[in-house]
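Trainee: Just need the structure, nothing else, for what follows:
(one chain, ligands or ions: 2)
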Amino acid sequence: AQGAVDLLVHNVGTLITMRGAPGPRSGAGMAEIGAVAGGAVAIADGLILAAGREEDVRDQIAGRAILQELDAQGRLLTPGLIDPHTHLVHGGSREHELALKLRGVSYLEILAQGGGILSTVEMTRAATEDELYAKAKKSLDTMLLHGATTVEAKSGYGLTLEDELKQLRVAKRLQETHAVDVVSTFMGAHAVPKEYKGCADAYVELVTGVMLPEVKRLGLAEFCDVFCEHGVFTVDQSRAILRAARALGFGLKIHADEIESLCGAELAAELGCISAEHLLAATDEGLNAMAQAGVVAVCLPATSFNLCASRHARARAMIEMGVPVALATDDNPGSSPTESLQLVMTLACLHLRMTPEEVITALTINAAHAIGRADRVGSLEVGKQADLVLYDAQNLAYLPYHFGINHVDTVVKKGRIVVTDGKVVSS
Ligand SMILES: O=C(O)CC1=NCN=C1
Ligand SMILES: [Zn+2]
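Mentor: Ligands and ions are numbered 1, 2, ... in the order given. All right, here's what the predicted structure looks like:
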C-alpha cells in the first residue's frame, strides 16, 4: 500500500484552500479564495497530500493508514498566515514616545530629534546577540500563536556592519530553531546613523560598498530593503542602494511613500522590486507603474492606525488598478508594535475597506509572493508545505468582525501540530 497519511484534518466546516490562478492575485482575482464546505486536508511528510471536499480527500487516500486525525469540529481552516514585513529583531521598546504622540509630535519630528528608529538603534547596539534572540523568539512565539507560520524579518537597527550582521545572525538562528519559517531582509538603509549625521552619501557608500557584499558573502539575507522617505534616504540614494543590491543578487523591497510622496512607488516599478511597502502617499502613476511591473503592494494598516495617520493606503484603488495587494503587521517598536495579523485583518477591512476574502488572499498567497515563497506556502495545494491554521470560528468574516481577541485554536507547521488550545506546544 502507498505510504501512510501522517495527519488527516477532517470535518472542516469552511476550508479556505486559496487554490487559484498562478501568480500574485489582483483585481477580482483577490476574491477567489477556493472555499470548500465540508472539507479535509491529508498530510504526509510535512506536505499536502490532498485537500478539498472530505469525500474526495477520503477517496484519494483510500487504502492508506491514517496515523493521526484532527477533528476540526465544523470550524474554519485557512493556510498558515504569512507576515511579509516585520522588524522582528530589535532591542528595547519606545513606549515613552506615546506621551510625545499624544502631545502631537510627529513620527518624523521624533526621528529628526534623534529618537525613533535611532533610539532603537542605540538599544539594539547595546544588546547582545543572545538578548536579541530571546526577545525576538518571544515575539515569534506570539506571532505563531496568532496564526503566522512564515515571517519576514528585517535588519536595520544596527547601522554598523557588525551590528547589522548581529541582527541577521539572530534571524538565521530563529530560522534554524523555531517552527516558524523566517525570511531575512537586510535593511542597513533604514536610517542614517548619528555618526554619519549630515553625511548620508558616505553612509550609502558604506551600505553599498561594505555591508551588502559582506551580507551576500555570509548568505545572511535574501532581500534588501530601503526607507525611501523625506529626511531619510532620497530616491537617488535609494536607487543606488537597490541597484547595488540587485547586482549582488538580492531581491528588492522598498519602504515607499509612507509619509510623503517621493515617487518611491515609481522607483519600485523601475527597479522591478518584488514588493513596495506602506504606499499611503503613492500616486496613481506610481501604482499603475507597479501594476504593470507586477510589484506586490504590502499594505500596513496597523502602522497608519498607530501613527494616527489622516489617511491609509489606498488598497481599493490598488485592487481596481490591478496591483497585487498583501498585508503585514510591520511589527516594530516605533510605528507598529504588534504581532497580531488578526488585528491587521480588522484594520484592513475597516480602514482599507478590503473584504474578508481579499484580506485572507493578502495574508496568504499574495504575502507568499511578496517574499518569493509562493512555490512552497500560501495555499493548500498538493505538494506545498502543510502549514495550516484552525480557528474557533465558523466562517472567514468572523475573524475581522470580532476583533481584539485571538481566534486561533490549532496551528500545523510542516505537518506537525505546534499550537493547540491556543498554546505553543512545540516551537
Ligand atoms: O520606526 C521604526 O522603528 C520602524 C520604521 N521604519 C520605517 N517606518 C517605521
Ligand atoms: Zn517597516
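Trainee: and the spatially most central residue of the chain, what does it touch?
Mentor: Central residue of the chain (C-alpha atoms, centre = their mean): Pro84, 1.8 Å from the mean position. Shown in contact with Pro84 (C-beta atoms under 8 Å, 6 or more residues apart in numbering): Glu152, Val183, Ser275, Val298, Ala326, Ala328, Ala367, Ala368, Ala370, Ile371. All C-beta spots, glycine's among them, are computed from the backbone N, C-alpha and C.
Trainee: Among those, name the ones that also lie close to ligand 1.
Mentor: Taking C-beta under 6 Å from any ligand atom as the test, ligand 1 is in contact with none of the contacts of Pro84.
Trainee: Please narrow these to those residing in helices.
Mentor: Ala367, Ala368, Ala370 (DSSP state H).
Trainee: Out of those, which is nearest to ligand 1?
Mentor: Closest approach between those and ligand 1, by C-beta to the nearest ligand atom: Ala370, at 16.7 Å.
Trainee: Asp71 reaches Gly13, doesn't it?
Mentor: No - taking C-beta atoms under 8 Å as the definition, Asp71 is not a contact partner of Gly13, at 11.2 Å.
Trainee: So which of these two has more stuff around it?
Mentor: Gly13 (17 against 12; other C-beta atoms under 10 Å).
Trainee: Which residues of the stretch 301-427 of the chain lie near ligand 1?
Mentor: Residues of the stretch 301-427 of the chain lying close to ligand 1 (C-beta under 6 Å from any ligand atom) are Asn332, Pro333, Gly334, Ser335.
Trainee: In the chain, which residue sits nearest ligand 1?
Mentor: For the chain, C-beta to the nearest ligand atom, closest residue to ligand 1: Gly334, 2.8 Å.
Trainee: what number of residues lie near that residue?
Mentor: Residues within reach of Gly334, counting by other C-beta under 10 Å, total 22.
Trainee: Pull the contacting residues for it.
Mentor: The contact partners of Gly334, taken as C-beta under 8 Å, 6+ apart, are Arg94, Glu97, Tyr107, Gly116, Ile117, Thr120.
Trainee: same for ligand 1: which of these are within range?
Mentor: The subset of the contacts of Gly334 within reach of ligand 1, by C-beta under 6 Å from any ligand atom, is Gly116, Ile117, Thr120.
Trainee: For the host helix or strand of the last one, name the packing helices and strands.
Mentor: Same thing as Thr120. Here Thr120 is covered by helix 117-126, with elements defined by DSSP states H and E. Counting by 3 or more C-beta pairs under 8 Å, 6 or more residues apart in numbering; DSSP states H and E, the packing neighbours recorded for helix 117-126 are helix 161-177.
Trainee: orientation of the helix it packs on relative to helix 117-126 in degrees?
Mentor: Helix 161-177 and helix 117-126 are oriented at 70 degrees to each other (axes from the mean of the first three to the mean of the last three C-alpha atoms, to 10 degrees).
Trainee: Just the C-alphas of helix 161-177, formatted as PDB.
Mentor: This file holds the C-alpha atoms of helix 161-177, laid out as PDB (Å, rounded to 0.1, in the frame of the first residue of the first chain):
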ATOM      1  CA  LEU A 161      28.400  46.300   9.700                       C
ATOM      2  CA  GLU A 162      28.900  44.300  13.000                       C
ATOM      3  CA  ASP A 163      25.500  45.200  14.400                       C
ATOM      4  CA  GLU A 164      23.700  44.600  11.200                       C
ATOM      5  CA  LEU A 165      25.300  41.100  11.000                       C
ATOM      6  CA  LYS A 166      24.400  40.600  14.700                       C
ATOM      7  CA  GLN A 167      20.700  41.100  13.800                       C
ATOM      8  CA  LEU A 168      20.800  38.900  10.700                       C
ATOM      9  CA  ARG A 169      22.600  36.100  12.700                       C
ATOM     10  CA  VAL A 170      19.700  36.200  15.200                       C
ATOM     11  CA  ALA A 171      17.200  35.900  12.300                       C
ATOM     12  CA  LYS A 172      19.200  32.900  10.900                       C
ATOM     13  CA  ARG A 173      19.200  31.300  14.400                       C
ATOM     14  CA  LEU A 174      15.400  31.700  14.600                       C
ATOM     15  CA  GLN A 175      15.000  30.100  11.100                       C
ATOM     16  CA  GLU A 176      17.100  27.200  12.300                       C
ATOM     17  CA  THR A 177      15.500  26.700  15.700                       C
END
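Trainee: quick one: buried residues of it?
Mentor: Asp163, Glu164, Leu165, Lys166, Gln167, Leu168, Arg169, Val170, Ala171, Lys172, Arg173, Leu174 (16 or more other C-beta atoms under 10 Å).
Trainee: contacting residues around that helix?
Mentor: Contacts for helix 161-177 (C-beta under 8 Å, 6+ apart): 88-90, 121, 124-125, 129, 132-133, 136-137, 140, 153, 155-158, 180-184, 186, 188, 206, 210-211, 214-215, 218, 220-221.
Trainee: Report the buried members of these.
Mentor: By 16+ other C-beta under 10 Å, those give 88-90, 121, 124-125, 132-133, 136-137, 140, 153, 155-158, 180-184, 186, 188, 206, 211, 215, 220-221 as buried.
Trainee: Looking at the contacts of Gly334, spot the one nearest Ser238.
Mentor: Within those, the smallest distance to Ser238 is 15.9 Å, found for Ile117 (C-beta to C-beta).
Trainee: Quick one: name the residues of the stretch 101-250 of the chain near ligand 1.
Mentor: Gly116, Ile117, Thr120, Phe227.
Trainee: Highest neighbour count among those residues?
Mentor: Neighbour counts for those (other C-beta under 10 Å) peak at Ile117, which has 27 neighbours.
Trainee: State the distance from it to Ser106.
Mentor: Counting by C-beta to C-beta, to the nearest Å, the separation of Ile117 from Ser106 is 14 Å.
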